[in-house]
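*Asks:* below: sequence and its predicted model.
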2 protein chains.
Amino acid sequence: MADEKPVRFGIIGCAQIARKVSRAISLAPNSTISAIASRSIEKARKFAEKNSFGDRVKLYGNYNEVLDDPTVDAVYMPLPTSLHVKWAILAAQRKKHLLLEKPTALDVVELDKILAACEENGVQFMDASMWYHHPRTAKMKELLSNPQIFGQIRTIQSSSSYTGTPEFLENDIRVKPDLDALGALGDTGWYCIGAILWAMNQRLPTFVKALPTIARNSAGVILTCSAALHWEKEEIIATFYSSMISHETMDLTICASNGTLHVEDFIIPFEESIADFSFTSGAKFVDLHIGWNVKPQKVLITSQLPQEALMVQEFGRLVKSIESSGCKPDQRWPQTSRMTQLVLDAVKNSIELGFKPVQLS
Amino acid sequence: MADEKPVRFGIIGCAQIARKVSRAISLAPNSTISAIASRSIEKARKFAEKNSFGDRVKLYGNYNEVLDDPTVDAVYMPLPTSLHVKWAILAAQRKKHLLLEKPTALDVVELDKILAACEENGVQFMDASMWYHHPRTAKMKELLSNPQIFGQIRTIQSSSSYTGTPEFLENDIRVKPDLDALGALGDTGWYCIGAILWAMNQRLPTFVKALPTIARNSAGVILTCSAALHWEKEEIIATFYSSMISHETMDLTICASNGTLHVEDFIIPFEESIADFSFTSGAKFVDLHIGWNVKPQKVLITSQLPQEALMVQEFGRLVKSIESSGCKPDQRWPQTSRMTQLVLDAVKNSIELGFKPVQLS
């Protein structure tokens, strides 16, 4: 490697998720934490103490100081969604590479402004969806791409849910209309939509239709929603269920012409060091239809680093390519985010239109 | 038991599935095969030889002879769906108890005629959905009914599919408009709808809506369809996917407020003697959200008899209660069939109405 110096991160915002990602930055071999900012210096100090950051991490009482710090190469930004467009653009303008929490923006118009700022300033953009970076994800894609094992995708089903406490469902940042107006759709639906598009190799559906069962909190923020995504010509349908009032699920089921894949923890693996998924291929009934010729085959994948550290490492690699080798920012990750946001917007529009279909392609 | 004599079955129709059920009748301790009828005596003879029935089983070249046979207590009827209404009513009128293949009828109007004939003639009705009778199903219901483990159901997802050959998809009885006009919806959707209603304790949804991705064969018979079932007040949504052009699936996922259940072979277990399902309850993330506090718990259920033999045994027990103890026919099974048929009709209507919602309750 031409430049062995690690990518120096500034963290803007001390949300819970920042604890996990700051650990990931420490674990990733090509990254380090340089600074952390909260709305007050006290908050930043508390966060640094809780996470044993030590003296080398600078603490700031406002976000601008991180952006002005020349020792910061990249920012990780776990701010409420409504603040993304302002701070992400400011970060890009100050030439900071951007690892942005999901959902990336309130809508694709905002996201496009962020992406344009990144493009203009030559900085790398990536949203902080970790599961793409787990080696299990690559292994699943390898098998799904094998026409003998899977063939043509027919249907996809995904579910992402957790049970928020009554206090959470009224007062958490993620359900406040002025902070995260997308509610469960932005928080957990983001993953379902991302997983469906991932399975479909980032091809937009022809249209999406939200399904007419919605739960909202007293402020009107979505706590549960579902939608169907349709690829009309190929007669493919994907459905997802996203909720903050259902027991923990992180399901992804993909059924193709020759095979079926099941994974129950695709967003956060049950365990950090080893993860699995199962699949069947060429399943038929035995004579008399009293059983199957094959049972699901479990595939175990070990991971040297947690998926979030692999995400940081990949982001760092791209940053280094730009800084050291003069490469252009990689377009895969911004495009992946944009597709997810586009579909998310369409689902939101469908809900607002009374569950009418919203065309996408 | 007051009457140890077995229930004597007549089988009307020599479909493939009759091989499985005739074996089940032989395996069930309270049942025996007395006669079998096909449209020709040659077909009946071939079927008897193939299945080693021996000399004690009478062979008939038309269905009426079985119905006229006084040694036949009950009939198992695996005829094409369009023939059910005629032959099921004739069977009931001749006081034969009725084990009827699914889908029970082309619509609920037909089914109600069948059920009325059974009621009037005091004979037991049951449709031949086998999975209800597996001990796994009872165990799943026991756990689902435990509010500490599962709590309130939020969403259900079911899938039933297989890959028909091109020849099958054009010429099999199950895709012929004059024989089984319901296609995949009747064949595999029947199970999905049944499983969803089973999970919901046979409560009708408020409305159903077919989803606008349908595949049909050249005769217009449905090869793939999906629908969403909505319980409006409780904000519960169930979706299903039913297909003859997708790889084998028999999935049922139930997500409640406190727990999640997964089963991947609910209709026909992978193995005859042992079946499993898995569930999680009270799942949370560990600190830093780098894993779960629990992993799915696998429950293994052994079965002394195949589920289809348990079905025949239960049917035989009800028949014996009527014949020996003067009990009335049990209403649970006819009601279960009727609910399934009602929802199936609503899905079909929704498709025909251009995927509009169809109210049910």
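*Replies:* Thanks, I have it. Numbers count the residues shown, from 1 in each chain, chains lettered A, B, ... in the order given.

*Asks:* in the helix or strand where A:E170 lies, what's buried?
*Replies:* In this assignment (DSSP states H and E), A:E170 forms part of helix A:166-171. By 16 or more other C-beta atoms under 10 Å in any protein chain shown, the buried positions in helix A:166-171 come out as A:F168, A:L169. No exception for glycine: its C-beta is placed from N, CA and C like everyone else's.

*Asks:* the following helix or strand past it: how far from the chain's middle?
*Replies:* Using DSSP H and E, the helix or strand that follows helix A:166-171 in sequence is helix A:183-184. The chain centre lies 14 Å from the centre of helix A:183-184; the measure is C-alpha atoms, centre = their mean, to the nearest Å.

*Asks:* can you name the element that comes right after helix A:183-184?
*Replies:* helix A:190-199.

*Asks:* quick check, the residue in the stretch 51-200 of chain A closest to chain B?
*Replies:* Among the residues of the stretch 51-200 of chain A, A:R154 lies closest to chain B, at 4.0 Å counting by C-beta to the nearest C-beta.

*Asks:* what strand or helix carries that residue?
*Replies:* Element membership of A:R154 [criterion: DSSP H and E] is strand A:153-163.

*Asks:* that strand: how far from the chain's middle?
*Replies:* The answer for strand A:153-163 is 15 Å, by C-alpha atoms, centre = their mean.

*Asks:* what pLDDT, on average, does that strand get?
*Replies:* Taken as a whole, strand A:153-163 has a mean pLDDT of 98.

*Asks:* tell me what that strand is packed against?
*Replies:* Judged by 3 or more C-beta pairs under 8 Å, 6 or more residues apart in numbering or on different chains; DSSP states H and E, the packing partners of strand A:153-163 are helix A:190-199, strand A:236-243, strand A:245-256, strand B:153-163, strand B:236-243, strand B:245-256.

*Asks:* what's around the residue of the stretch 51-200 of chain A closest to chain B, how many residues?
*Replies:* 27 (other C-beta atoms under 10 Å in any protein chain shown).

*Asks:* same deal with A:S82?
*Replies:* There are 18 residues near A:S82, going by other C-beta under 10 Å.

*Asks:* state the distance from it to B:Q16.
*Replies:* For A:S82, the distance to B:Q16 equals 60 Å [C-beta to C-beta, to the nearest Å].

*Asks:* wait, a helix at A:G316?
*Replies:* Yes. Counting by DSSP: H, G, I helix; E, B strand; the rest coil, A:G316 is found in a helix.

*Asks:* burial of A:A48, as a residue count?
*Replies:* Neighbour tally, A:A48, other C-beta under 10 Å: 21.

*Asks:* which SSE is it in?
*Replies:* helix A:41-50.

*Asks:* helices and strands around that helix, which ones?
*Replies:* Using 3+ C-beta pairs under 8 Å, 6+ apart: helix A:41-50 touches helix A:16-27, strand A:31-37, strand A:58-60.

*Asks:* and among the ones you listed, the most buried is which?
*Replies:* strand A:31-37 (a mean of 24; mean count of other C-beta atoms under 10 Å in any protein chain shown).

*Asks:* now do it: everything it contacts.
*Replies:* A:6-14, A:18, A:22, A:25-26, A:44, A:47-48, A:53, A:57-63, A:65-66, A:69, A:71-73, A:312-313, A:315-316 (C-beta atoms under 8 Å, 6 or more residues apart in numbering or on different chains).

*Asks:* the same query, at a cut-off of 7 Å, please.
*Replies:* A:6-12, A:22, A:25-26, A:44, A:47-48, A:53, A:57-60, A:62-63, A:65-66, A:69, A:71-72, A:312-313, A:316 (C-beta atoms under 7 Å, 6 or more residues apart in numbering or on different chains).

*Asks:* just the buried residues of the residues you listed.
*Replies:* A:6-12, A:22, A:25-26, A:44, A:47-48, A:53, A:57-60, A:63, A:65-66, A:69, A:72, A:312-313, A:316.

*Asks:* looking at the stretch 1-150 of chain A, which residue is nearest chain B?
*Replies:* For the stretch 1-150 of chain A, C-beta to the nearest C-beta, closest residue to chain B: A:K20, 4.9 Å.

*Asks:* who's in contact with A:A199?
*Replies:* A:L144, A:I153, A:I156, A:I254.

*Asks:* if we use 6 Å, what do you get?
*Replies:* A:I156, A:I254 (C-beta atoms under 6 Å, 6 or more residues apart in numbering or on different chains).

*Asks:* check the gap between it and A:A256 for me.
*Replies:* Separation of A:A199 from A:A256 (C-beta to C-beta): 9 Å.

*Asks:* can you check A:Y191 too?
*Replies:* Counting by C-beta to C-beta, the gap from A:Y191 to A:A256 is 21 Å.

*Asks:* now A:A181
*Replies:* A:A181 is 36 Å from A:A256, by C-beta to C-beta.

*Asks:* out of those two, which sits in the busier spot?
*Replies:* A:A256 (24 against 21).

*Asks:* what does the pLDDT read for that one?
*Replies:* Per the predicted model, pLDDT is 98 at A:A256.

*Asks:* before we move on, what about the one 3 residues further on?
*Replies:* Turning to A:G259, the model gives it a pLDDT of 98.

*Asks:* ok, the nearest residue to it once chain neighbours are set aside - how many residues close by?
*Replies:* Nearest non-adjacent residue to A:G259, counting by C-beta to C-beta, 6 or more residues apart in numbering or on different chains: A:S281, 3.7 Å away. Here the number of neighbours of A:S281 (other C-beta under 10 Å) works out to 20.

*Asks:* and for A:V123?
*Replies:* Count around A:V123 with other C-beta under 10 Å applied: 23.

*Asks:* give me every residue that touches A:I245.
*Replies:* Taking C-beta under 6 Å, 6+ apart, one finds A:L223, A:T224 in contact with A:I245.

*Asks:* now do 7 Å
*Replies:* Contacts for A:I245 (C-beta under 7 Å, 6+ apart) come out as A:T163, A:G164, A:L169, A:A215, A:L223, A:T224, B:R154.

*Asks:* so which pair among the residues you listed is furthest apart in space?
*Replies:* A:L169 and B:R154 (13.6 Å; C-beta to C-beta).

*Asks:* the inter-axis angle of the strand holding A:R154 versus strand B:153-163?
*Replies:* 160 degrees (axes from the mean of the first three to the mean of the last three C-alpha atoms, to 10 degrees).

*Asks:* got the CA coordinates for strand A:153-163 in PDB?
*Replies:* Provided in PDB are the C-alpha atoms of strand A:153-163 (Å, rounded to 0.1, in the frame of the first residue of the first chain):
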ATOM      1  CA  ILE A 153     -35.800 -15.300  -8.900                       C
ATOM      2  CA  ARG A 154     -39.600 -15.600  -8.400                       C
ATOM      3  CA  THR A 155     -40.400 -14.000  -5.100                       C
ATOM      4  CA  ILE A 156     -38.600 -12.400  -2.200                       C
ATOM      5  CA  GLN A 157     -39.900 -11.800   1.300                       C
ATOM      6  CA  SER A 158     -38.200  -9.700   4.000                       C
ATOM      7  CA  SER A 159     -39.100  -8.700   7.500                       C
ATOM      8  CA  SER A 160     -37.400  -6.400   9.900                       C
ATOM      9  CA  SER A 161     -38.900  -5.700  13.200                       C
ATOM     10  CA  TYR A 162     -38.400  -5.100  16.900                       C
ATOM     11  CA  THR A 163     -40.600  -4.400  19.900                       C
END
